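Asks: predicted structure and sequence below. I'll ask about it afterward.
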Protein chains: 2
Amino acid sequence: MSLQPLIDHFDRFIPLEAGEKLLLDGRVSQRSIKRRQAILQEGFPCKHYSFVVAGCFRMYAIDQSGVEHTILFATENEWIADIGSFHSGQPSKLFVEAVEPSVILQIEQKDLYFLYLNVPKLDRIFKVIVENKYVELQNRLLQTISSTAQERYLAFLDAYPNLASRLPNTQIASYLGITPEFLSKIRKTIAS
Amino acid sequence: MSLQPLIDHFDRFIPLEAGEKLLLDGRVSQRSIKRRQAILQEGFPCKHYSFVVAGCFRMYAIDQSGVEHTILFATENEWIADIGSFHSGQPSKLFVEAVEPSVILQIEQKDLYFLYLNVPKLDRIFKVIVENKYVELQNRLLQTISSTAQERYLAFLDAYPNLASRLPNTQIASYLGITPEFLSKIRKTIAS
DNA sequence: AAATAGACTTAAACTGGTTTAAGATCTGAA
DNA sequence: TTCAGATCTTAAACCAGTTTAAGTCTATTT
């Protein structure tokens, strides 16, 4: 197992010292996840922060009518977790599932708390990580409430040019907050 | 000027020591803000993190057609800032405006960075603050993409029972992502 | 008391997006 | 190679929410 992608990731925020890197040993575990395999399911607490080394994940909720709503995608070098459930221990209302075969590095709650205590830099690093995720989410919310479906689709293509081809149409629609049928319609209008 | 509300706020996360509290002196400034007065305007970088001591603020964006979209409200003991613009120095795309006469405590970027360096606890505290804000925003996004306007309105009443009466109807509508006219319609259906 | 203006409501016509249903295309397993 | 299950598209009827426009209700100013 290699922690290198994670260490590189941290180093890009603040360089860690050798001793700090050693503390990571045994507190991070690597897993290979198959396409469509879930790493978090509704009703269970979120036990890990997961760092995507390779592949892609999708976080979504299922509403009362059984419709899926995609909150975000996480690709290489991104973190994915239900932060609320992770800290509170309460059952999550979300699913996190691999969109394609993936490799992740996971940290359990007790290990992450240990690391926060013993590598104070990590408080700073994760503060910045969460700030960045917050800004992203705020932009997504703003776009969701202020643009038409077509604008959102074009913005999605623009923001994630490589993701669009890796995802089934239904998942793109569920991210955009529309039906797959309407996504087809949009594509048709754009093409002409 | 009293820093007490801010100190109490920090203490609720991790108690600060006397020396740490002293470092806040001169790095936090108090301002009284009139109803409708802006503390951040589109086109200007966000220079401060603002802590609401009393009153209420609204963060919104104006789209190409001149329509306002409310992203969030911040009331007593909450922080409000355009985090992205604050750290990058880039012009903000957002407005932040007092909904009612308010009092805030503001920290400028250089002062906050100084405090992060000299009071490492603040890295931890702000990590937790941003995490909480992230969770809130994620719930809001999820609700926006998965519920009807009426469901969102009822949830809003439930989550902010006291806010509803303090706000003009147009601002509630802009938070819910609907027109004031449709909000009237919803109220009528609920009442009957 | 009258005048002005901002906030809220009502209602009819309209539109962006959904629903339902059917057909087309693709994929992988046997 | 073929068959079965997904996935994608098309189209018509439908509905949630918008637009436009007019009217009501306060509150404040004069």
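Replies: All right, it came through fine. Numbers count the residues shown, from 1 in each chain, chains lettered A, B, ... in the order given.
Asks: so for A:K21, what's the pLDDT?
Replies: If you check A:K21, the pLDDT there is 95.
Asks: doesn't A:D8 make contact with it?
Replies: No: here A:K21 lies out of contact with A:D8, judged by Cβ atoms under 8 Å, at a distance of 10.9 Å. Where C-beta positions appear, they are placed from N, C-alpha and C, glycine not excepted.
Asks: so those two - more neighbours on which side?
Replies: A:K21 (17 against 10; other Cβ atoms under 10 Å in any protein chain shown).
Asks: where's the more buried one, which helix or strand?
Replies: For A:K21, the host element (DSSP states H and E) is helix A:18-24.
Asks: for chain A, what lies in contact range of DNA strand C?
Replies: A:T148, A:A149, A:Q150, A:G177, A:I178, A:T179, A:E181, A:F182, A:K185 (Cβ under 7 Å from any atom of the strand).
Asks: rerun at 6 Å
Replies: Within reach of DNA strand C by Cβ under 6 Å from any atom of the strand, chain A has these residues: A:T148, A:A149, A:Q150, A:I178, A:T179, A:E181, A:F182.
Asks: would you reformat the residues you listed as CSV and include secondary structure, distance to B:S2 and neighbour count?
Replies: Shown next, in CSV, are the residues of chain A next to DNA strand C (DSSP: H, G, I helix; E, B strand; the rest coil; distance: Cβ to Cβ, whole Å; neighbours: other Cβ atoms under 10 Å in any protein chain shown):
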residue, secondary structure, distance to B:S2, neighbour count
A:T148, coil, 48, 10
A:A149, helix, 49, 16
A:Q150, helix, 51, 17
A:I178, coil, 50, 19
A:T179, coil, 54, 14
A:E181, helix, 58, 10
A:F182, helix, 54, 15
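Asks: would you mark the buried spots in the helix holding A:K21?
Replies: Buried residues in helix A:18-24, counted by 16 or more other Cβ atoms under 10 Å in any protein chain shown: A:E20, A:K21, A:L24.
Asks: and those, which is closest to B:S88?
Replies: A:E20 (27.4 Å; Cβ to Cβ).
Asks: what's the closest non-adjacent residue to that closest one?
Replies: Nearest residue to A:E20 in three dimensions, chain neighbours excluded: A:V119, at 4.8 Å (Cβ to Cβ, 6 or more residues apart in numbering or on different chains).
Asks: got phi/psi on the one you found?
Replies: phi -130, psi 80 (degrees, to the nearest 10).
Asks: so what's the gap between the helix or strand of chain A with the lowest mean pLDDT and the chain middle?
Replies: Least confident helix or strand of chain A, by mean pLDDT, DSSP states H and E, is helix A:161-166 with a mean of 85. Taking the mean of its C-alpha atoms, helix A:161-166 sits 16 Å from the chain's own mean (Cα atoms, centre = their mean, to the nearest Å).
Asks: mind listing residues that contact the very next helix or strand once past it?
Replies: Later in the chain than helix A:161-166, the nearest helix or strand by DSSP H and E is helix A:169-176. Applying Cβ atoms under 8 Å, 6 or more residues apart in numbering or on different chains, the contact partners of helix A:169-176 are A:58, A:60, A:67-70, A:73, A:99, A:149, A:152-153, A:156, A:164, A:179-180, A:182-184.
Asks: now list the buried members of those residues.
Replies: A:R58, A:Y60, A:E68, A:H69, A:T70, A:F73, A:V99, A:A149, A:R152, A:Y153, A:F156, A:L183.
Asks: so which of those comes closest to chain B?
Replies: A:H69 (4.6 Å; Cβ to the nearest Cβ).
Asks: from DNA strand D, how far off is that closest one?
Replies: Distance, A:H69 to DNA strand D, using Cβ to the nearest atom of the strand, to the nearest Å: 14 Å.
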